[in-house]
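# Just need the structure, nothing else, for what follows:
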Amino acid sequence: MSPIPQNLQAITATIVAAAQESGRAPQAVRLLAVSKTFGPQAVLEAVAAGQRAFGENYLQEALDKIAALRDQPAPLEWHFIGPIQSNKTRPIAEHFDWVHTVEREKVAQRLSEQRPAGMAPLQICLQVNISGEASKSGVAPDEVAALAHKVAALPNLTLRGLMAIPEPAVEFDQQRAAFARLRLLYEQLRADGLALDTLSMGMSADLRAAIFEGATIVRVGSAIFGSRTYKA
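So this is what the prediction gives:
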């Protein structure tokens with residue numbers, strides 16, 4: 001028997017407990033199941049257990065999966081959470097509902113121009129390099145406001161909020177500190193007139209700290225689907 005339904009149940013219980021402990025409504029936190037490297041069957045097992053939103057990092061793998069799962073009774077919600085090369089924006093604009101990893105105005109412009117007519121606006125989060133790591137993607141914190149206002153003005157996109165993958169930390173208070181910096185940026189943008197409602201932050205190892213600091217989407221993969229095997 002697949003462990004996916006039980007894993008989803010356990011993660012959901014963790015989210016509910018963290019929300020309640022931090023004084024938040026559990027329904028204020030959405031679970032994004034990160035299905036990268038797992039095939040359509042694993043996604044279907046999660047769907048059968050009630051999960052609708054899935055995150056993908058690798059474009060071609062994601063497009064194959066989206067095509068294979070197109071005929072679901074209720075449509076699935078696909079989130080692109082990987083790095084975006086300029087030459088890959090068209091299929092992202094054509095096939096995804098959300099993009100969490102916008103860090104450049106050029107990429108946002110291309111997504112806006114390439115979003116097909118008749119589709120709902122593409123839901124956008126800006127990725128912030130909140131820990132200032134040289135190896136990490138994301139816009140620098142002091143450049144977020146300028147980019148946010150430019151992206152918010154583009155047609156065919158809806159700027160929803162911010163996303164970050166902080167430097168790993170073991171201590172709960174250290175984890176919270178990084179997420180608190182992202183939340184502060186988010187609150188500054190809202191005070192500046194942007195209608196944001198999304199903080200995409202927190203993964204398997206730190207989702208509790210993220211929820212304490214206001215996460216509205218947590219991204220969980222291996223704790224749902226199992227350990228990953230990456231192709232060479």
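
# Pull the contacting residues for Pro116.
Residues in contact with Pro116, defined by CB atoms under 8 Å, 6 or more residues apart in numbering, are 93-94. (C-beta placed from N, C-alpha, C; glycine too.)

# where does it fall, phi/psi-wise?
Note on Pro116: its backbone torsions stand at phi -60, psi 140 [degrees, to the nearest 10].

# Tell me the pLDDT of it.
At Pro116, the model reports a pLDDT of 97.

# And for the one 4 residues further on?
On pLDDT, Ala120 comes in at 97.

# Roughly how far does it sit from Ala93?
According to CB to CB, to the nearest Å, Ala120 stands 12 Å off from Ala93.

# More neighbours: which of the two?
Per other CB atoms under 10 Å, whichever of Ala120 and Ala93 has more neighbours is Ala93, with 21 against 9.

# Need the nearest residue in space to the more buried one, chain neighbours excluded.
Counting by CB to CB, 6 or more residues apart in numbering, Ala93 lies nearest to Gln114, which is 3.9 Å off, once chain neighbours are set aside.

# now Leu159
In this structure, Leu159 finds its nearest non-sequential neighbour in Ala152, 4.4 Å apart by CB to CB, 6+ apart.

# for Gln188, same thing?
Leaving aside its sequence neighbours, Gln188 sits nearest to Ala145 (CB to CB, 6+ apart; 7.1 Å).

# Just say helix, strand or coil for that neighbour.
helix (DSSP: H, G, I helix; E, B strand; the rest coil).

# Tell me which residues touch Ala205, please.
For Ala205, the contacting residues are Pro168, by CB under 8 Å, 6+ apart.

# Repeat the analysis, applying 10 Å as the threshold.
Listed by CB atoms under 10 Å, 6 or more residues apart in numbering, the contact set of Ala205 reads 168-170, 175, 220, 222-223.

# so can I have a markdown table of these showing pLDDT?
What follows is those, written out as a markdown table (pLDDT from 0 to 100):
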| residue | pLDDT |
| --- | --- |
| Pro168 | 93 |
| Ala169 | 94 |
| Val170 | 93 |
| Gln175 | 97 |
| Val220 | 97 |
| Ser222 | 93 |
| Ala223 | 95 |
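
# circling back: now do the residue nearest to Gln188 against Ile130, distance only.
From Ala145 across to Ile130, the span is 14 Å (CB to CB).

# same thing with Arg30?
Distance of Arg30 to Ile130, given as CB to CB: 20 Å.

# what do you get for Gln60?
For Gln60 relative to Ile130 (CB to CB), the value is 29 Å.

# out of those two, which sits in the more crowded spot?
Set side by side, Gln60 and Ile130 show more neighbours around Ile130, with 25 against 9, by other CB under 10 Å.

# Tell me who's in contact with that one.
136, 138, 140-141, 144, 162-167, 177-182, 185, 201.

# now, which of these lie within helices?
Among the contacts of Ile130, the members found in helices (DSSP state H) are 144, 177-182, 185.

# Among these, which one has the most neighbours?
Most neighbours among those, by other CB under 10 Å: Leu182, with 26 neighbours.

# wait, doesn't that residue sit right on Ala164?
Yes: look at Leu182 against Ala164 with CB atoms under 10 Å: they come within range, at 4.8 Å.

# Can you pull the residues that touch both of these two?
With contacts defined as CB under 10 Å, 6+ apart, the residues shared by Leu182 and Ala164 are 128, 130-131, 141, 199-201, 210.
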